[in-house]
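Trainee: with the input below, show me the fold.
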Amino acid sequence: MSKKEQQRHHIIRTAFRVWGATRFTDMSLTTLAEELALTKPALYRYFKNKDELMSVMRDRCVGDYTRLSEQLVDVVEDQNLEGLVHGFVELMNLFFAEQPEYAAFFVTQLIGPAGLARQDLGALFHKQHEQIESAVRKQNPQADPELLAATGHFVMFSGVFWSMVGYIDEDLLPLDRHSRETSAIEVSIARSYQVCMQGLLLQDSVKSPDFTHVESLCHVGSDGRMESDRILSAISDVVSEVGLFEATIERIAEKVGMSKSSLYFYFKNKDEMLTKMVQRMRMHFFDVLLPRMEQFGTIEDRLYAFLIVTAAYMLQNPELLTIAHWFRAQNLDIELDSTTRERAFNAFGFLQEALNKGKMRAGAEELVAVVSYLNLYVMHDAAFFRPDIGSEPELHRHMRSIYTLTMGGLKAVAGASEGASGKEGVIQ
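Mentor: You can find the predicted model right below:
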């Protein structure tokens, strides 16, 4: 390796460490140059600009993930379902343990359309999905076809999410990994595996919701549609035209029909503009969700209401998926404001009680993690893995499968024979 290549390698590693310490919300070349004891012009001898550096960082992260994944792919033919799932969650835990900054980078740069747009990563994700689904079908040939079709995404999303929980604080942001110790990694692997195989609810607590009753009271109609917003519409349009990373504020302002400076006339800066937009979106979602979810008394009914209302809301506002991915790609760190936080925690008091009583595979302090897991799962499913939904009954049928998997895991598939997801007792 030449001296120039060695220095490029050093810059990449330093960028992961320095920018990763800020959860990739601050990616200043000035800060990076200072850490390297270089000038910014000196950095440009190794990378043309920050975009090139970020591209190389994405390649490095994908390359490391691919190398670890190929170890699993090579032995998959000789593994049963339990061995395959355990191998996947072990892979994800080791991937994040070896370089903790990958957790934040994976979420901001590679989860969603940015990752699937890459032929290498998209093909690998697709292959892993197929392997998992094939193993589940082989073990449960009589299971409901739609439920089987959802198993690959369930294991992959759950495996990634719960492998990252050990790296995150209450706001789901990666921390310096204190749990790189072998014992902590083993605990994380065991919990990730248990969620995939047995779901979030402990088996003696697993019951079926009253699916039909919940669905009848959780219809999301025109009230679920956000009022038109020029800036939100512009973000969605620009991302569709040029992609996540090229959707700059300048291009968005041009789409709105004003200059960047005119756009900021209404806000102090970009952060204030985006923060106010996010707060408005969150409040509208809670206005739709909470009255519906609070109609029910059992944890099962409330959790199912949360899932189907979230899914229906995404269908009413499909551009919000694009906008959410854009916010993530912009590395935005927007905390819940006090009003929204209070509404959220009051709404999920029933879930906190279940966590306190040890009814779920999560600690009492992991309320935010559980809610985020379910919310992000539905959003990710809506964006990439949900079959075409043409009616509300189709949506409900699909979400019954999602509930079955998230609450009962792959073990619940055995109890859901073909056609069972249209009945009350999906989880046996």
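
Trainee: pull the longest helix from this structure.
Mentor: When the chain is parsed with DSSP state H, its longest helix is helix 50-75.

Trainee: can you mark which positions in the next helix or strand after that helix are buried?
Mentor: Next helix or strand after helix 50-75 toward the C-terminus (DSSP states H and E): helix 81-98. For helix 81-98, burial by neighbour count (16 or more other CB atoms under 10 Å) applies to 81, 84-93, 95-97. Any C-beta I mention is one placed from the backbone N, CA and C, and that applies to glycine too.

Trainee: what's the answer for stretch 273-292, then?
Mentor: By 16+ other CB under 10 Å, the buried positions in stretch 273-292 come out as 273-275, 277-278, 281-282, 284-286, 288-290, 292.

Trainee: now swap in stretch 61-68 and tell me
Mentor: Residues of stretch 61-68 classed as buried by neighbour count (16+ other CB under 10 Å): 61-62, 65.

Trainee: need these in a markdown table (columns: pLDDT and distance to residue 256).
Mentor: Listed next are the buried residues of stretch 61-68 as a markdown table, based on pLDDT from 0 to 100; distance: CB to CB, whole Å:
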| residue | pLDDT | distance to residue 256 |
| --- | --- | --- |
| 61 | 88 | 34 |
| 62 | 87 | 34 |
| 65 | 84 | 37 |
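
Trainee: helices of the stretch 151-300 of the chain, start to end?
Mentor: Assigned by DSSP state H, counting those that start in this stretch, the helices in the stretch 151-300 of the chain fall at 151-164, 182-198, 211-217, 230-242, 249-256, 260-263, 270-293, 299-316.

Trainee: circling back to that earlier point, okay, the buried residues of stretch 273-292 in JSON lines with pLDDT and distance to residue 347 next?
Mentor: As requested, those are exported to JSON lines (pLDDT from 0 to 100; distance: CB to CB, whole Å):
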{"residue": "273", "pLDDT": "72", "distance to residue 347": "27"}
{"residue": "274", "pLDDT": "71", "distance to residue 347": "24"}
{"residue": "275", "pLDDT": "75", "distance to residue 347": "22"}
{"residue": "277", "pLDDT": "75", "distance to residue 347": "22"}
{"residue": "278", "pLDDT": "77", "distance to residue 347": "18"}
{"residue": "281", "pLDDT": "83", "distance to residue 347": "16"}
{"residue": "282", "pLDDT": "84", "distance to residue 347": "12"}
{"residue": "284", "pLDDT": "88", "distance to residue 347": "15"}
{"residue": "285", "pLDDT": "90", "distance to residue 347": "11"}
{"residue": "286", "pLDDT": "90", "distance to residue 347": "7"}
{"residue": "288", "pLDDT": "93", "distance to residue 347": "12"}
{"residue": "289", "pLDDT": "93", "distance to residue 347": "7"}
{"residue": "290", "pLDDT": "91", "distance to residue 347": "5"}
{"residue": "292", "pLDDT": "94", "distance to residue 347": "11"}
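
Trainee: low-confidence ranges in the stretch 301-428 of the chain?
Mentor: Judged by pLDDT under 70, the stretch 301-428 of the chain has its weakly predicted residues at 328-336, 384-387, 416-428.

Trainee: residues in contact with stretch 364-376: which ones?
Mentor: Defining contact as CB atoms under 8 Å, 6 or more residues apart in numbering, one finds that stretch 364-376 is touched by 157-158, 161-162, 165, 168, 170-172, 200, 303, 306-307, 310, 344-345, 348, 351-352, 355-356, 360, 362, 406.
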